[in-house]
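Chemist: sharing a model that was predicted from the sequence below.
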Amino acid sequence: MHSLTRRGAILSAGASLAAACCTKPPVIEAPAHSEVIWAPGQPPLLFAVQEIYPAAHQDRIHIAGGLLSDGTRVTGVSDRHIAYASGGVANELAPLPARRHHPYAVSHKGKLYLLGGFGSDPDHITWVMSTDTLVFSTSGDTEANGKSYPGSWLPLAPAPEPHAEVVAAAIGDHIHIVGGRRPKGDANAAYGDHEDVDRHLVFDPAANAWSKAAPALSARNSAAGALISGLWHVVGGRSVANGPTDAHEVYAPQEDRWRNAAPMPKGSGAGGNAAAVLRDTLYVFGGEYFTGGQGGVHAEVWAYDPKTDAWTEVGKMPTPRHGLGAVTLNRSIWLVGGAKRPSGSETSNAVERFQLGG
């Protein structure tokens with residue numbers, strides 16, 4: 001993918017890229033997984049939103065920030081924070097202190113944290129990358145837009161450098177972020193001001209302090225990841241220089257070491273994909289790709305078995321999307337939000353539930 005093409009499409013707030021691309025990357029066909037179940041009829045989100053990194057926290061799916069849409073084009077940046085229950089009930093909680101897209105939510109030891117992302121003003125979609133570290137407090141209320149909302153967001157120690165489009169995870173006593181992008185010089189306002197990195201930062205909530213850990217094996221942004229048996233799997237994503245990547249890297253916290261694992265099937269890597277774990281298997285959903293100025297959204301669902309170090313295609317998403325969230329909750333993976341076409345086109349409020357039978 002040519003990342004500046006994507007940025008231009010979002011900034012134009014309505015420029016639409018073709019959903020069907022005649023040069024779609026090939027995928028490896030594999031037998032369908034007989035235990036996969038899609039549970040239909042899930043109530044949608046309160047609004048359409050994409051470029052989100054939600055978290056399962058206290059039996060709800062928390063979504064904060066993201067890009068908003070009128071259904072066909074991106075119209076602005078969100079400061080909204082909602083908690084969606086598995087039954088479809090959604091509560092509106094204290095909004096963010098400022099509008100933010102691509103912030104990463106992490107639940108860690110009973111608290112909800114929000115990391116980094118891009119700041120923006122109400123009227124323009126900008127890419128001011130943030131060092132913010134926020135924690136959600138359930139005490140008190142926040143007054144905003146003439147209303148009162150439960151809770152508030154409190155600032156913690158800022159990260160040592162701005163970050164966004166990262167992968168994050170709660171591992172033991174710490175929160176880790178890896179990859180993503182950072183400013184490549186003094187400028188920090190436009191997408192082109194930033195570069196892909198292999199950086200690995202660690203936040204210690206107890207000490208309210210940041211440190212560094214072993215860098216990843218490759219620099220990329222908008223990848224996806226999850227933990228299996230204490231090991232952190234990071235897959236897919238993209239880089240400005242080389243487009244989508246099929247890379248699959250695994251971090252062992254006790255050794256502070258990364259290694260390569262079986263890459264995703266050729267052509268299945270994409271920016272804005274999402275991943276979650278069920279029964280010690282990693283599932284990867286969606287993501288966008290671009291070829292020759294046009295693009296599409298992956299429909300395939302891929303399963304990775306760490307016992308065999310192998311990938312299998314296990315069917316198609318009912319609603320292919322990129323920039324979506326994937327959250328494991330109540331023995332299911334919940335796919336929330338995202339966009340049905342590349343860049344800013346057709347942002348969705350869809351909620352779909354992926355389960356395993358047996």
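Modeler: Thanks, I have it.
Chemist: C-alpha only now, for contacts and for neighbours.
Modeler: Will do.
Chemist: doesn't residue 128 make contact with residue 190?
Modeler: Yes: using CA atoms under 8 Å, residue 190 is in contact with residue 128, at 6.8 Å.
Chemist: buried residues, stretch 157-170. List them.
Modeler: Across stretch 157-170, burial judged by 16 or more other CA atoms under 10 Å covers 157, 158, 159, 162, 163, 164, 165, 166, 167, 168, 169, 170.
Chemist: for that stretch, what is the average pLDDT?
Modeler: Across stretch 157-170, the average pLDDT comes to 98.
Chemist: what's the end-to-end length of that stretch?
Modeler: 17 Å (CA to CA, to the nearest Å).
Chemist: can you give me how far it is from the chain middle?
Modeler: 13 Å (CA atoms, centre = their mean, to the nearest Å).
Chemist: ok, residues contacting it?
Modeler: Contacting residues not belonging to stretch 157-170 are listed as 102-104, 106-108, 116-118, 129-133, 175-183, 203, 208-210, 221-227, 232, 234 [CA atoms under 8 Å, 6 or more residues apart in numbering].
Chemist: mind checking which of those are buried?
Modeler: 102-104, 106-108, 116-118, 129-133, 175-183, 203, 210, 221-227, 232, 234.
Chemist: so what's the nearest residue to residue 349 once chain neighbours are set aside up against?
Modeler: Nearest residue to residue 349 in three dimensions, chain neighbours excluded: residue 48, at 4.0 Å (CA to CA, 6 or more residues apart in numbering). Taking CA under 8 Å, 6+ apart, we find residue 48 in contact with 68, 69, 70, 71, 337, 338, 347, 348, 349, 350.
Chemist: assign a three-state SS to residue 192, would you?
Modeler: Secondary structure for residue 192, judged by DSSP: H, G, I helix; E, B strand; the rest coil, is helix.
Chemist: for it, report the pLDDT, please.
Modeler: On the pLDDT scale, residue 192 gets 94.
Chemist: hey, C-alpha coordinates of the top strand by length along the chain in CSV?
Modeler: Assignment by DSSP state E gives strand 133-144 as the longest strand of the chain. Provided in CSV are the C-alpha atoms of strand 133-144 (Å, rounded to 0.1, in the frame of the first residue of the first chain):
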residue,chain,number,x,y,z
THR,A,133,-1.1,8.2,28.9
LEU,A,134,-4.6,8.3,30.4
VAL,A,135,-6.4,6.2,33.0
PHE,A,136,-10.1,6.1,33.4
SER,A,137,-11.5,6.8,36.9
THR,A,138,-15.0,5.7,37.8
SER,A,139,-15.4,8.2,40.5
GLY,A,140,-17.1,11.5,39.9
ASP,A,141,-18.6,12.9,36.7
THR,A,142,-17.4,14.9,33.7
GLU,A,143,-19.4,17.8,32.3
ALA,A,144,-19.2,18.1,28.5
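Chemist: name the residues that touch that strand?
Modeler: With contacts defined as CA under 8 Å, 6+ apart, strand 133-144 is touched by 94-95, 111-116, 148-159.
Chemist: show the buried residues in those residues.
Modeler: Counted by 16+ other CA under 10 Å, the contacts of strand 133-144 give 94-95, 112-116, 149-153, 157-159 as buried.
Chemist: just the residues you listed: which are in strands?
Modeler: Reading strands off those with DSSP E, I get 112, 113, 114, 115, 149, 150, 151, 152, 153.
Chemist: and of the contacts of residue 48, the nearest to residue 244?
Modeler: Taking CA to CA as the measure, residue 244 lies nearest residue 338 of the contacts of residue 48, at 17.9 Å.
Chemist: looking at the contacts of stretch 157-170, which are in strands?
Modeler: Going by DSSP E, the strands hold 104, 106-108, 118, 129, 133, 175-178, 181-183, 203, 209-210, 224-227, 232, 234 from the contacts of stretch 157-170.
Chemist: just the mean pLDDT for stretch 89-99, thanks.
Modeler: 96.
Chemist: tell me which residues of that stretch come out buried.
Modeler: 90, 91, 93, 94, 95, 96, 99.
Chemist: with stretch 228-243 instead?
Modeler: By neighbour count with 16+ other CA under 10 Å, stretch 228-243 contains the buried residues 228, 232, 233, 234, 235, 236, 237, 238, 239, 240, 243.
Chemist: for the second one, give me the pLDDT.
Modeler: Taken from the predicted model, the pLDDT recorded for residue 232 is 98.
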